[in-house]
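Asks: The sequence isn't on hand, but the structure is:
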Ligand SMILES: Cc1cc2nc3c(=O)[nH]c(=O)nc-3n(C[C@H](O)[C@H](O)[C@H](O)COP(=O)(O)OP(=O)(O)OC[C@H]3O[C@@H](n4cnc5c(N)ncnc54)[C@H](O)[C@@H]3O)c2cc1C
Ligand SMILES: NC(=O)c1ccc[n+]([C@@H]2O[C@H](COP(=O)([O-])OP(=O)(O)OC[C@H]3O[C@@H](n4cnc5c(N)ncnc54)[C@H](O)[C@@H]3O)[C@@H](O)[C@H]2O)c1
């Protein structure tokens, strides 16, 4: 197939690392296979969800015929435009911040920390290229999967078209993901703006950067760019950042942003943008007052739009809308029972691990549930997530407000990191572990951890929830001293003391001790 009829790869500059990446995930000399006469499964979109469906089904070695179609870069957002590049840039920014904030540790940093932005981005491109072999076209092909590079669309209820090749299927899976929503702000398109699709192609640091949107993308990247030396203004339409998170957690991160000198414009409405000789001028309203800021670049992180266009979903009876994506039931089945969906195209949980977990359900529900027997539900998953600001916010299960709205009687155990020895030795006391329990029991309903590496220890709580163990079980687990994960153990100990040490048990213990 001539490369010209594939979607243009989004990565720039075309240096050695990006060429190495493309050679893996969009090889220019790739020749699509001759389609099989009938596929058990045709998977549209080779991001996390699509890769996991295809590899999982092929890995069973049952001789299933599987086709995987990708219009752009295999690996999807996570590898090239999302998790991997953002976490690389965030890590460089943490190093810069650690150097700048070294004085309290007795280490005196130089008068100015010299940040080589181009080298930061080059490191990211190198690591991204190093990781890319996991998602490569050759690798998936070697697993017996027919890999097609090209844009897919349904032709009819049995057939998918990829640039003229017709793939007949028994079952199909839509895993086409989502892209950055473009806010409808007059002048923004003409002035030009970055999204996650273009920001990782920068080679020069924007001196003045406006970030639109105070969700995970906006917050992670605003802090990172600020630490890397951009003068960042974060514009958010609501009253505080990360407004879907636990309010105490979000407020702690917001305080840190203010301490670090990020310019936060909250409760603000963007009116228009114009490009002038001095930069891009953003006109906004805040508390009824009109104001402007002038910046060199604008980064938009204002939510996601599902990739539903051009798939011809109407022709195959798959309901969708352009805001929420493909409609699925709890078994990830679309309104056409032979077509399933997974990942950002259909789910509220827009995370790589959520796409992965949903893909595993699709394999089971689409291929191994005759007459619908033995299917698994998306709603049965316990889904954690982490926002990689510094400190990080890690969460699993219910928030306090959600539990209240469900009418549950709850109590919260709160351990500040100022009580955790390792957080003190590390100088990382800004944070807490909050565990939400059903009142009168040790059943964990949810947890939020705010800490520099909160994401590294939320899984202990998730494990307890998945295996239906309560805080009592965690109280029995010996946690090495000193670790920050001891915060969880301290929460368990606090529960134990509160639940078991009452005047009666104390009296009985005293008695037992007397005769021991
Ligand atoms: C900046 C950023 C940072 C992120 N950080 C994290 C993080 O730290 N942790 C985390 O868990 N999540 C993170 N995410 C979210 C994560 O990237 C997504 O949830 C995940 O990639 C979703 O996977 P998916 O397979 O559903 O979709 P995608 O990764 O979007 O893959 C869909 C694929 O389908 C292809 N496609 C679309 N239409 C067609 C078509 N018609 N024919 C053929 N192919 C098609 C696309 O080209 C794409 O490759 C981040 C996202 C962004 C933007
Ligand atoms: N660490 C992670 O797991 C991670 C990191 C990044 C992204 N993601 C995923 O990607 C998805 C998208 O992230 P996101 O941050 O773009 O979306 P989001 O919807 O979570 O947050 C965007 C925020 O921008 C605000 N906003 C929208 N339009 C605005 C405007 N015109 N002016 C000012 N503010 C505006 C919204 O009110 C919202 O709070 C998330 O759902 C998340 O699941 C995950």
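Replies: Arrived safely. What you see is a predicted model, and the numbers here were worked out from it, not measured in a lab. Ligands and ions are numbered 1, 2, ... in the order given.
Asks: show me the contacts for residue 125.
Replies: Remark: with contacts taken as CB atoms under 8 Å, 6 or more residues apart in numbering, residue 125 is in contact with 15, 17-18, 21. (Glycine included, C-beta is placed from N, CA and C.)
Asks: 6 Å - rerun?
Replies: In this structure, residue 125 makes contact with 17-18, judged by CB atoms under 6 Å, 6 or more residues apart in numbering.
Asks: Please tell me how far it sits from ligand 2.
Replies: Note on residue 125: its distance to ligand 2, by CB to the nearest ligand atom, to the nearest Å, is 19 Å.
Asks: Next one: that residue relative to residue 252, how far apart?
Replies: Going from residue 125 to residue 252 by CB to CB, to the nearest Å gives 33 Å.
Asks: Quick check: the residue of the stretch 51-200 of the chain nearest ligand 2.
Replies: Closest approach between the stretch 51-200 of the chain and ligand 2, counting by CB to the nearest ligand atom: residue 183, at 4.0 Å.
Asks: Point out the residues in the stretch 51-200 of the chain that sit beside ligand 2.
Replies: residue 183 (CB under 6 Å from any ligand atom).
Asks: in the stretch 51-200 of the chain, which spans are helices?
Replies: If DSSP state H, counting those that start in this stretch is used as the criterion, the helices of the stretch 51-200 of the chain fall at 76-80, 83-100, 117-131, 137-142, 188-191.
Asks: ditto for the stretch 201-350 of the chain
Replies: With DSSP H, counting those that start in this stretch as the criterion, the stretch 201-350 of the chain has helices spanning 216-227, 247-259.
Asks: show me where pLDDT drops low in the stretch 1-150 of the chain?
Replies: Applying pLDDT under 70 to the predicted model, the residue ranges of the stretch 1-150 of the chain that meet it are 1-9.
Asks: Contact residues of it facing ligand 1?
Replies: 44-50, 69-73, 76-78, 81-83, 86.
Asks: Select from these every entry located in strands.
Replies: Filtering those for membership in strands, criterion DSSP state E, returns 44, 69-70.
Asks: Please tell me which one of the residues you listed counts the most neighbours.
Replies: Ranked by neighbour count (other CB atoms under 10 Å), these have residue 70 at the top, with 31 neighbours.
Asks: Neighbours of residue 291, how many?
Replies: Residue 291: 13 surrounding residues under other CB under 10 Å.
Asks: wait, residue 381
Replies: Neighbourhood size, residue 381 [other CB under 10 Å]: 16.
Asks: Tell me how far it lies from ligand 2.
Replies: Counting by CB to the nearest ligand atom, the gap from residue 381 to ligand 2 is 15 Å.
Asks: so what's the residue nearest the centre of the chain closest to, chain neighbours aside?
Replies: Compute the mean C-alpha point of the chain, and by CA atoms, centre = their mean the closest residue is residue 351, 3.7 Å away. With sequence-adjacent residues excluded and distances taken as CB to CB, 6 or more residues apart in numbering, residue 351 is closest to residue 385, at 5.4 Å.
Asks: Save the helices of the stretch 201-350 of the chain as a markdown table, and put in mean neighbour count too.
Replies: Written out in a markdown table, the entries for these read as follows (neighbours: other CB atoms under 10 Å):
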| stretch | mean neighbour count |
| --- | --- |
| helix 216-227 | 25 |
| helix 247-259 | 17 |
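Asks: Including distance to ligand 1, could the ones you listed go into CSV?
Replies: Conversion of those to CSV gives the following (distance: least, CB to the nearest ligand atom, whole Å):
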stretch, distance to ligand 1
helix 216-227, 5
helix 247-259, 15
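Asks: As TSV, these with distance to residue 109 would be great.
Replies: Shown next, in TSV, are the helices of the stretch 201-350 of the chain (distance: least, CB to CB, whole Å):
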stretch	distance to residue 109
helix 216-227	13
helix 247-259	17
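Asks: phi, psi of the residue nearest to the centre of the chain?
Replies: phi -140, psi 150 (degrees, to the nearest 10).
Asks: where are the low-confidence patches of the protein?
Replies: 1-9.
Asks: at 80 what do you get?
Replies: Judged by pLDDT under 80, the chain has its weakly predicted residues at 1-10.
Asks: Show me it divided up by domain.
Replies: The chain is divided into the following domains under automatic domain parsing: 11-82+124-180+305-380, 188-302, 391-504.
Asks: The residue nearest to residue 351 - how many residues pack around it?
Replies: Here the count is done by other CB under 10 Å, and residue 385 has 17 residues near it.
Asks: Off-centre distance for the helix or strand containing it?
Replies: For residue 385, the enclosing helix or strand under DSSP states H and E is strand 384-387. Centre-to-centre, strand 384-387 and its host chain are 7 Å apart (CA atoms, centre = their mean, to the nearest Å).
Asks: what packs against the helix or strand that that strand is followed by?
Replies: Note on strand 384-387: by DSSP H and E, the next helix or strand toward the C-terminus is strand 392-397. Contact analysis of strand 392-397 by 3 or more CB pairs under 6 Å, 6 or more residues apart in numbering; DSSP states H and E lists strand 384-387, strand 444-451, helix 454-466 as its packing neighbours.
Asks: Need the ones you listed in JSON lines (columns: distance to residue 240).
Replies: Listed next are the helices and strands packed on strand 392-397 as JSON lines, based on distance: least, CB to CB, whole Å:
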{"stretch": "strand 384-387", "distance to residue 240": "14"}
{"stretch": "strand 444-451", "distance to residue 240": "14"}
{"stretch": "helix 454-466", "distance to residue 240": "19"}
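Asks: for these, which one sits closest to ligand 2?
Replies: With distances scored as CB to the nearest ligand atom, the stretch of the helices and strands packed on strand 392-397 nearest to ligand 2 is strand 384-387 (5.0 Å).
Asks: Can that closest one be said to contact ligand 1?
Replies: No - using CB under 6 Å from any ligand atom, we find that strand 384-387 stays clear of ligand 1, coming within 6.7 Å at best.
Asks: next one: stretch 317-329
Replies: No - contact check for stretch 317-329 against ligand 1, using CB under 6 Å from any ligand atom: none in range, with a minimum separation of 9.7 Å.
Asks: what does that stretch rub up against?
Replies: Stretch 317-329 is contacted by residues 174, 306, 308, 313, 334-336, 339, 341, 345-346 when judged by CB under 6 Å, 6+ apart.
Asks: List buried residues within these.
Replies: Buried by 16 or more other CB atoms under 10 Å: 174, 306, 308, 313, 334, 336, 339, 341, 345-346, out of these.
Asks: Need these in JSON lines (columns: distance to residue 156).
Replies: As requested, those are exported to JSON lines (distance: CB to CB, whole Å):
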{"residue": "174", "distance to residue 156": "15"}
{"residue": "306", "distance to residue 156": "22"}
{"residue": "308", "distance to residue 156": "18"}
{"residue": "313", "distance to residue 156": "12"}
{"residue": "334", "distance to residue 156": "15"}
{"residue": "336", "distance to residue 156": "11"}
{"residue": "339", "distance to residue 156": "12"}
{"residue": "341", "distance to residue 156": "18"}
{"residue": "345", "distance to residue 156": "21"}
{"residue": "346", "distance to residue 156": "22"}
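Asks: so which pair among those is furthest apart in space?
Replies: Spatially, the most separated pair among the buried ones among the contacts of stretch 317-329 is 306 and 336, at 16.7 Å (CB to CB).
Asks: Against residue 394, how distant is residue 458?
Replies: Applying CB to CB, one obtains 4 Å for the distance of residue 458 from residue 394.
Asks: what's the overlap in contacts for these two?
Replies: residue 449.
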